[in-house]
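# predicted model follows, preceded by the sequence.
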Amino acid sequence: MEIQKMSNGHHDLSRDKSMESGFDALDNITEGETFLHDKSNGKIETHFTDFEGKTSFGMSIFNLSNAIMGSGILGLAYAMANTGIIVFVILLISIALLSAYSIHLLLKSAEVVGIRAYEQLGNHAFGTPGKILAACVVTMHNIGAMSTYLYIVKIELPHIIEGLMDLPANSHEWFVNGNYLIIIVSFMVILPLALMKRLGYLGYTSGFSLSCMVFFLISVIYKKFVTVCSVAHGNNATFLNESIYNSTADRCEAKFITANPQTAFTIPIMAFAFVCHPEVLPIYTELKNPSKKRMQKIANISILAMFVMYLLTAIFGYLTFYATVESELLKNYSIKDTLMLCVRLSVLVAVTLTVPVVLFPIRRAVLQILFPDKPFSWVRHISIAVCLLFVVNLLVIFVPNIRDIFGFIGATSAPSLIFILPGIFYICIIPKEQQPLKSRPKIQAMVFVTLGFIFMIMSVTFILVEWVNGKTPKGGH
């Protein structure tokens, strides 16, 4: 793609200069310099004025798939147990399709105005308040996701070390202290990856992260065929023989449709399983030969791949433990099981390598708000990453019920990112001359926004009810 800029006529910028500006060149463009329209053969073609992307199609799929893949995959079997197989499959298909449609709205808006930054879309739609709102929602949601990932590291890594070193449970050695471990992992593994200038470079780690989750899925499927339904669950699981199995058939029978007090709460959790929208536009920015059609294809492939992984994990996890399945599937497996010990390690590697991908949009949002017109600076680039990891570590260490707090954040930010903001941006940005408010696409977008508000109200209500009743919300992103 040839990079152009309007300055007293058409003037070509050198490719060296564009590459020197790097990934954050997009942060420095002003509203009046965001795009050019080239009228040729009666068709308007948008030329983006940020730098030329160099990330391949495959690497972009890895990055977006890794952004979609969250810790919530561990809770999908529990969700199936509380909805039934048929309802779960219908919900998962619906959410996957809605997420793909949401990305279509984002990409269409970006195509019209030539902007590939979430915050700049908010700025174009509503001015500075829209820019600040989008940046705050992205920051809030991704900090919640990062905290959830590190919380898993804090809980699971000590068990893995105890298993590998054959230490007694709840050992008091410093190297099995979860608080120390998340600090070590954050600054020895996550920070170096987060300091990379471009998100595209993380395609290799994203690919490895996804391979770890494939290993997790294969192991869950294998365990289904070698495990008998358990009376208890977790690390003290005892397995049933035939006589006991007959007396507890109700607990070891698959339910196709079910309803209980937890059913309503699992629906919003599933709705958040495909949240990747803060990462879509940064990945689009770095895509080689970018186009809306090419990026939509990346999104569709990523969503389809994650849909298959989610569905298989939920089905085989549920059919292994049925009614006794835990809200986090790994808790059902013994820490003495060598295979599942390796699986726990692979899951930890996967969520750890996802954190840098999630951190990039937060840094983008901070730069958009605090330093919108400043050129790229390594000092700012590094400082923001260090500060973000420091804050997230403090939250994971000192907040006792971190899942409650970030469950509430997710209940407000996730519907905003999936439904509300993409729909509103689309309605405001697409010209009325091109699509009147009463046109079918904009009516669909309005319905989509309304659905987002319904999800938000429903999610917040469920969480508040759980808090009032003294129960802890289950699951995560």
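Received it, and whenever you're ready, just let me know what you need.

# from now on I want contacts and neighbour counts done on CA atoms only, so please keep to that.
Noted.

# where in the stretch 51-200 of the chain is pLDDT low?
Within the stretch 51-200 of the chain, the stretches with pLDDT under 70 are 51-53, 115, 169-170.

# quick one: the helices in it, in order.
57-68, 76-83, 85-113, 118-126, 128-164, 178-185, 191-194 (DSSP state H, counting those that start in this stretch).

# what of the stretch 251-400 of the chain?
Under DSSP H, counting those that start in this stretch, the stretch 251-400 of the chain gives helices at 263-271, 277-285, 292-321, 338-370, 378-398.

# out of those, which gets nearest to Leu164?
helix 338-370 (8.1 Å; CA to CA).

# Phe316: neighbour count?
Other residues lying near Phe316 total 21 when counted by other CA atoms under 10 Å.

# how close does it get to Met309?
Separation of Phe316 from Met309 (CA to CA, to the nearest Å): 11 Å.

# still on that earlier bit, what would the helices of the stretch 51-200 of the chain look like in CSV with distance to Ser209 and mean neighbour count?
What follows is these, written out as CSV (distance: least, CA to CA, whole Å; neighbours: other CA atoms under 10 Å):
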stretch, distance to Ser209, mean neighbour count
helix 57-68, 7, 24
helix 76-83, 19, 29
helix 85-113, 21, 20
helix 118-126, 25, 23
helix 128-164, 13, 21
helix 178-185, 15, 18
helix 191-194, 13, 19
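
# turn the ones you listed into a markdown table, columns for distance to Val391.
Formatted as a markdown table, these follow (distance: least, CA to CA, whole Å):
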| stretch | distance to Val391 |
| --- | --- |
| helix 57-68 | 21 |
| helix 76-83 | 29 |
| helix 85-113 | 30 |
| helix 118-126 | 22 |
| helix 128-164 | 9 |
| helix 178-185 | 11 |
| helix 191-194 | 13 |
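
# how about the ones you listed, which one is nearest Pro422?
helix 85-113 (5.4 Å).

# gap between that closest one and the chain center?
From the chain centre to the centre of helix 85-113 is a distance of 14 Å (CA atoms, centre = their mean, to the nearest Å).

# just for the stretch 351-477 of the chain, where's the confidence low?
Within the stretch 351-477 of the chain, the segments meeting pLDDT under 70 span 401-407, 470-477.

# repeat that for 80
Within the stretch 351-477 of the chain, the ranges that satisfy pLDDT under 80 run 372-373, 399-411, 459, 462-477.

# ok, the stretch 201-350 of the chain next?
Within the stretch 201-350 of the chain, the ranges that satisfy pLDDT under 80 run 201-203, 228-252, 259-273, 327, 335.

# residues contacting the residue nearest to Ile301 when sequence neighbours are not counted?
Among residues not flanking Ile301 along the chain, Ile61 sits closest, at 7.3 Å (CA to CA, 6 or more residues apart in numbering). Going by CA atoms under 8 Å, 6 or more residues apart in numbering, Ile61 touches 298-299, 301-302.

# which of these sits closest to Ile132?
Closest to Ile132, out of all of those and judged by CA to CA, is Ala299, at 25.9 Å.

# closest one to Leu210 among the helices of the stretch 251-400 of the chain?
Using CA to CA, those put helix 338-370 closest to Leu210, at 6.7 Å.

# next, the buried residues of the closest one.
Residues 340-369 are the ones in helix 338-370 that count as buried (16 or more other CA atoms under 10 Å).

# hmm, back to that, closest one to Ile160 among the helices of the stretch 251-400 of the chain?
Nearest of the helices of the stretch 251-400 of the chain to Ile160, taken as CA to CA: helix 338-370 at 6.3 Å.

# okay, angle between that closest one and helix 277-285 too, please.
80 degrees (axes from the mean of the first three to the mean of the last three CA atoms, to 10 degrees).

# of all the helices of the stretch 251-400 of the chain, which one is nearest Phe453?
helix 263-271 (12.0 Å).

# isn't Gly163 right next to Ser334, touching?
No - the pair Gly163 / Ser334 is not scored as a contact, 10.1 Å apart, by CA atoms under 8 Å.

# neighbours of Ile454, how many?
Around Ile454 there are 12 residues (other CA under 10 Å).

# ok, it to Ser416 distance?
Distance from Ile454 to Ser416, by CA to CA: 11 Å.

# rewinding a little: for the helices of the stretch 251-400 of the chain, give me TSV that also has distance to Tyr426.
As requested, the helices of the stretch 251-400 of the chain are exported to TSV (distance: least, CA to CA, whole Å):
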stretch	distance to Tyr426
helix 263-271	21
helix 277-285	14
helix 292-321	14
helix 338-370	20
helix 378-398	31
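
# what's the closest of those helices to Leu437?
helix 292-321 (22.8 Å).

# ok, now how distant is Glu162 from Ser171?
8 Å.

# err, Leu92, not the other one
40 Å.

# same deal with Phe408?
Phe408 is 33 Å from Ser171, by CA to CA.

# who has more neighbours out of the two?
Neighbours per residue, other CA under 10 Å: of Phe408 and Ser171, the larger number sits with Phe408, 20 against 13.

# where does the more buried one fall, secondary structure wise?
Taking DSSP states H and E as the criterion, Phe408 maps to helix 402-415.

# how far off helix 277-285 does the helix or strand just after that helix point, in degrees?
For helix 402-415, the following helix or strand on the C-terminal side (DSSP H and E) is helix 421-429. Here helix 421-429 runs at an angle of 60 degrees relative to helix 277-285 (the same axes, to 10 degrees).

# using PDB, write down the CA coordinates of helix 421-429.
Written as PDB, here are the backbone C-alpha positions of helix 421-429 (Å, rounded to 0.1, in the frame of the first residue of the first chain):
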ATOM      1  CA  LEU A 421     -20.100   0.900  20.900                       C
ATOM      2  CA  PRO A 422     -19.700  -0.800  17.500                       C
ATOM      3  CA  GLY A 423     -23.400  -0.300  16.800                       C
ATOM      4  CA  ILE A 424     -23.400   3.300  17.900                       C
ATOM      5  CA  PHE A 425     -20.200   4.100  15.900                       C
ATOM      6  CA  TYR A 426     -21.800   2.500  12.900                       C
ATOM      7  CA  ILE A 427     -25.000   4.500  13.200                       C
ATOM      8  CA  CYS A 428     -23.200   7.800  13.700                       C
ATOM      9  CA  ILE A 429     -20.300   7.400  11.200                       C
END
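
# how distant is the helix or strand that that helix is followed by from the center of its chain?
The first helix or strand that comes after helix 421-429 along the chain, using DSSP H and E, is helix 440-468. Helix 440-468 has its C-alpha centroid displaced from the chain centroid by 19 Å (CA atoms, centre = their mean).

# please name every helix or strand in contact with helix 440-468.
helix 263-271, helix 402-415, helix 421-429 (3 or more CA pairs under 8 Å, 6 or more residues apart in numbering; DSSP states H and E).

# and with 10 Å instead?
Where contact means 3 or more CA pairs under 10 Å, 6 or more residues apart in numbering; DSSP states H and E, helix 440-468 is packed against helix 85-113, helix 263-271, helix 402-415, helix 421-429.

# sounds good, over and out.
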